[in-house]
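*Asks:* this is a predicted model, with the sequence first.
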Amino acid sequence: MQALIVGCGDVGCRLALRLQARGIAVTGVVRSPSSVAALRRLGITPLLADLDADVIADWPPADWLFHFAPPPETGDADPRLVGTLAALQVVPARLVYLSTSAVYGDCEGRWIDETESLKPKSARGQRRLDAERSALAYAREHGSAAMILRVPGIYGPGRLPLQRLNAGAPLVQRDQSPYTNRIHADDLAAAAQRVAELGADGAAYNVSDGQPTTMTDYFQRCARLLGVPPLPEQPLEAALRTMSPMLRSFLEESKRLSNRRLVEELGWQPQYPNLDTGLPASLDADAVVRAFTGAA
């Protein structure tokens, strides 16, 4: 068995270590020499490539292909995924594409599952939807099986928002803060493995802990955990004017993700089913974080 992880960053490395523990040979595609060094520290075979510039004529063959690289930050499509698939010399038996819950758009705080209509509100969501369709079309044309992971905010070791907390930027006041969803990086890696093993061809899976909260609740929990003073809160309208486009897109799309398909059909269970368990486990730099920071 061989696996290829395109965009082998933090989550990709966590997945690679899980696969290697099963005896699966893994190649991780990264775009910087520092990431190559990080993968080597973890014992993962690296492949250096810039998906925006390089034409890779000798992609290693893979039984399982995981495409975790994000689309470009502009445009309506994902040429990185399309270029990768076009360059493959050997068709993978299983293709897992990491998408985003932004493809659902704003659901006004409702509980939703994978049958919800796809109506992305942001350009980020539109690019991911285009990529989902490209992955499924490739699988149909080449006799492969493609599965989609729809992922909300990812947290974990090295991912806590310390810089934003230290900046003291205001949050949305609690009674106006929309629902957001999260998944621990280790649980996302485990879900990706389970979907590669057992996922149904053409199926999408919401990968969340199933315990939605709000962005305000998340940041204030992180502040308490890290010993930072509570952040001030302000009305939603004022907060939207000061936040980055990424954070603003989360606040403009309120939804509660059901993970029932992943749990009931594939038997996946999160190791960190809520922030009470996941946040304390994110405090210490683990092997993956140390590999990328160069720490001993």
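*Replies:* Everything's here; your move.
*Asks:* can we go C-alpha only for contacts and neighbour counts from here?
*Replies:* Will do.
*Asks:* how about the helices in the stretch 101-250 of the chain?
*Replies:* 123-142, 162-167, 185-198, 215-226, 236-242, 245-251 (DSSP state H, counting those that start in this stretch).
*Asks:* just the residues contacting the fifth one, thanks.
*Replies:* Residues lying outside helix 236-242 but in contact with it, judged by C-alpha atoms under 8 Å, 6 or more residues apart in numbering, are 170-173, 176-177, 248, 251.
*Asks:* need those in a markdown table with pLDDT, distance to residue 95 and neighbour count, can you?
*Replies:* Putting the contacts of helix 236-242 into a markdown table (pLDDT from 0 to 100; distance: C-alpha to C-alpha, whole Å; neighbours: other C-alpha atoms under 10 Å) gives the following:
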| residue | pLDDT | distance to residue 95 | neighbour count |
| --- | --- | --- | --- |
| 170 | 88 | 41 | 19 |
| 171 | 90 | 38 | 24 |
| 172 | 92 | 39 | 23 |
| 173 | 93 | 41 | 15 |
| 176 | 91 | 39 | 14 |
| 177 | 91 | 36 | 21 |
| 248 | 78 | 31 | 15 |
| 251 | 80 | 31 | 24 |
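*Asks:* tell me which of the residues you listed is nearest to residue 119?
*Replies:* Each of these was checked against residue 119 using C-alpha to C-alpha; the closest is residue 251, at 16.1 Å.
*Asks:* quick check: the closest one touching residue 181?
*Replies:* No: when contacts are counted by C-alpha atoms under 8 Å, residue 251 is not listed as touching residue 181 (11.2 Å).
*Asks:* and the helices of the stretch 101-250 of the chain as a markdown table, adding distance to residue 264?
*Replies:* Supplementary listing: those in a markdown table, determined by distance: least, C-alpha to C-alpha, whole Å:
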| stretch | distance to residue 264 |
| --- | --- |
| helix 123-142 | 23 |
| helix 162-167 | 35 |
| helix 185-198 | 12 |
| helix 215-226 | 27 |
| helix 236-242 | 36 |
| helix 245-251 | 27 |
